[in-house]
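Enquirer: Below is the structure, and that's it, no one-letter string:
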């Protein structure tokens, strides 16, 4: 009798142990801060241990595809484009937002960015213009200024294969008076062809771009807000411009994997991720800009985040699904245009 | 039999981690149960302008780096072998191997500092009044060439040195005593007797060049598209694995072909 009780207890313990883990697929940056701001308080609050699998977007998406029939991962963090690509591959399940107590506290644009409730934006960042004030005397106010002769030969643009590249191309189409949802992006490609000889190189990562600024190769470029702090750290006389024709907005989204085994914990995690406490802690540590509208941060923090009424209000978002539909074609066109 | 059993660990390793994956890639590039026959992807590869551009550039770049590294490497190897002082010789060899011990990413990035607009080369040319405004050296095929040459030249020198070391010392002496000098000594004695070293050096350098990713990505950028950067684009941006697989197979077969033809060439050279 005694023995069977012990065995029963062991079994119960084993089941409860197995059930208190949540498998999260995410990037490998700031892991110590994620532990401090998310893992630890989450374990204390819900008794669920977060197990992270880290890697870049494409590697993690590849893994999801290979585990499609028997997924290991419960929730996944993606850049919006890769989340849309995951939806296209049938890897995600819709989120029942009524289960999220903090859902109404986030910006409207973060609520359903890839449509169908397949993902919730949990952090936002902008793409603005950064330039050297000592080298460029002409005041920079618009995306069109990349075509000004004063900056020729000293600019860099994101490559089409970056997350920002295709969105910027859609925006260029719009800035020059065409429809941003033109599947051919005719005007944008024409304009970039014109500009191509004046571009030092088309950067692929923000660290590459920081290097180009440090070496004096590049004086002006579109820059992601999450890397702005590192640009400031270079000590160069740089300024951030909110272009009058709009700053581009991007979201990183959180989604639930189709067939996730720990659904209950997955919902708790998502709700926790967009809660005031986590969003505030992540903002204060400069990990992620908040989407929770209740978060208030001091000025010196706000300067390095995508934050504040004017900043957020100037953001322009484009439909990621449109990019997924046309991306292959756009990359081919780009290769043909840029590669000599 | 006993002799061959020593090979077993290496064979098992190669079989599991090289032959099986390679065969999987080869087969999947041609046939997938869910998609049927896929020859059309090869057709696509060779008919699209951009993949042809990337392929020819990779091929020519590889051959050029091989040729130049052989031209620089051979005299260097001869000089190292001719050194009598053993400690000086090992110092020289260490100097050759030394760059290989630094991370290739670091070596590639250091070229940015050399070739940049405010880099060493431009500053020197300006101070010598050869040019008045900095010229663009980065993000050109030339920059990729330099990067690859610096990366792989040591491999050529090492394989030529070991080949020259094995050359019996009395053979060149005998040839000299029979009246062979300079050019003839080189083409009739040195070249044929070190052909294996040349072939292995060429294969190592060529394979390195055609598969290198960081160097063309960092020093060439989007403008200088090569097979490896195109492969990366297909595999990790659009997840077009069919095309990525095709590119990988083309790369592999090209390396085999170059290796095989350089062997043939060297055999023909030895015979003549």
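Expert: Looks like it came in fine. Treat the numbers as computed from the prediction; the structure is a model and nothing was measured.

Enquirer: What number of residues are in the vicinity of the closest residue to chain B within the stretch 51-200 of chain A?
Expert: Nearest to chain B, among the residues of the stretch 51-200 of chain A, is residue A:58, at 3.9 Å (CB to the nearest CB). To be clear about C-beta, it is placed using only N, CA and C from the backbone, and glycine gets the same treatment. Residues lying near residue A:58 (other CB atoms under 10 Å in any protein chain shown) number 16.

Enquirer: That one contacts residue B:241, correct?
Expert: No - with contact defined as CB atoms under 8 Å, residue A:58 does not reach residue B:241; the gap is 10.9 Å.

Enquirer: Mutual contacts of these two, please.
Expert: Common contacts of residue A:58 and residue B:241, defined by CB atoms under 8 Å, 6 or more residues apart in numbering or on different chains, comprise residue B:235.

Enquirer: Now do the same for stretch A:271-279: mean pLDDT, whole number.
Expert: Stretch A:271-279 shows a mean pLDDT of 98.

Enquirer: Okay, and the residue of the stretch 51-200 of chain A closest to chain B sits in which element?
Expert: helix A:57-66 (DSSP states H and E).

Enquirer: hmm, back to that, in contact with the residue of the stretch 51-200 of chain A closest to chain B: list those residues for me.
Expert: A:82, B:235-237, B:239.

Enquirer: can you list those in TSV and add secondary structure?
Expert: Output for the contacts of residue A:58, formatted as TSV (DSSP: H, G, I helix; E, B strand; the rest coil):
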residue	secondary structure
A:82	helix
B:235	helix
B:236	helix
B:237	coil
B:239	coil
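
Enquirer: And these, which is closest to residue B:132?
Expert: Closest approach between these and residue B:132, by CB to CB: residue B:237, at 40.4 Å.

Enquirer: any idea how far chain A is from the closest one?
Expert: Distance, residue B:237 to chain A, using CB to the nearest CB, to the nearest Å: 4 Å.

Enquirer: Run a quick check on that residue versus residue A:161, I expect a contact.
Expert: Yes - with contact defined as CB under 8 Å, residue B:237 counts as touching residue A:161 (4.5 Å).

Enquirer: where do the helices sit along the stretch 201-340 of chain A?
Expert: A:206-214, A:228-233, A:263-273, A:276-284, A:299-302, A:309-313, A:320-338 (DSSP state H, counting those that start in this stretch).

Enquirer: can I get the ones you listed in a markdown table with distance to chain B?
Expert: Formatted as a markdown table, these follow (distance: least, CB to the nearest CB, whole Å):
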| stretch | distance to chain B |
| --- | --- |
| helix A:206-214 | 7 |
| helix A:228-233 | 17 |
| helix A:263-273 | 24 |
| helix A:276-284 | 27 |
| helix A:299-302 | 32 |
| helix A:309-313 | 29 |
| helix A:320-338 | 4 |
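
Enquirer: For residue B:188, which of those helices is the nearest?
Expert: helix A:320-338 (48.5 Å).

Enquirer: contacting residues around that closest one?
Expert: Residues contacting helix A:320-338 (CB under 8 Å, 6+ apart): A:80-81, A:83-85, A:88, A:113-115, A:159-161, A:166-167, A:169-170, A:181, A:183, A:185, A:189, A:192-193, A:196, A:202, B:48-50, B:222-223, B:225, B:230, B:233, B:237-238, B:240.

Enquirer: Selection in ChimeraX covering whichever of these are buried, please.
Expert: Buried residues within the contacts of helix A:320-338, by 16 or more other CB atoms under 10 Å in any protein chain shown, are selected in ChimeraX with:
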select /A:80,81,83,84,85,113,114,159,160,161,166,167,169,170,185,189,192,202 /B:48,50,222,225,230,233,237,238,240
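
Enquirer: Show only the entries of the contacts of helix A:320-338 found in strands.
Expert: residue A:202 (DSSP state E).

Enquirer: Would you mind listing what in the stretch 1-150 of chain B touches chain A?
Expert: Residues of the stretch 1-150 of chain B lying close to chain A (CB under 8 Å from any CB of the partner chain) are B:48-50, B:53-54, B:109, B:112-113, B:116-119, B:136, B:138-139.

Enquirer: So for the residue of the stretch 51-200 of chain A closest to chain B, what's the pLDDT?
Expert: So residue A:58 comes in at 90 (pLDDT).

Enquirer: how about the nearest residue to residue A:292 once chain neighbours are set aside, what does it touch?
Expert: Of all residues not flanking residue A:292 in the chain, residue A:279 sits nearest, at 4.0 Å (CB to CB, 6 or more residues apart in numbering or on different chains). Residue A:279 makes contact with A:122, A:273, A:288, A:290-292, A:295 under the criterion CB under 8 Å, 6+ apart.

Enquirer: most neighbours, which of those residues?
Expert: Neighbour-wise, the contacts of residue A:279 (other CB under 10 Å) top out at residue A:290, 28 neighbours.

Enquirer: Give me the pLDDT value at it.
Expert: 97.

Enquirer: That one touches residue A:277, doesn't it?
Expert: No - Residue A:290 lies out of contact with residue A:277 (CB under 8 Å); the separation is 11.1 Å.

Enquirer: Centroid-nearest residue for the chain?
Expert: No chain in the question, so chain A it is. By CA atoms, centre = their mean, chain A has its centre lying nearest to residue A:252, at 3.4 Å.

Enquirer: Wait, chain B was what I had in mind.
Expert: residue B:205 (2.1 Å).

Enquirer: what about that residue, distance to chain A?
Expert: 24 Å.

Enquirer: and the closest residue to that residue other than its chain neighbours, which of the three is it?
Expert: Nearest non-adjacent residue to residue B:205, counting by CB to CB, 6+ apart: residue B:152, 4.4 Å away. Under three-state DSSP, the three-state class of residue B:152 is helix.

Enquirer: which one of the helices of the stretch 201-340 of chain A lies closest to residue A:23?
Expert: Per CB to CB, nearest to residue A:23 of those: helix A:263-273, 9.3 Å.
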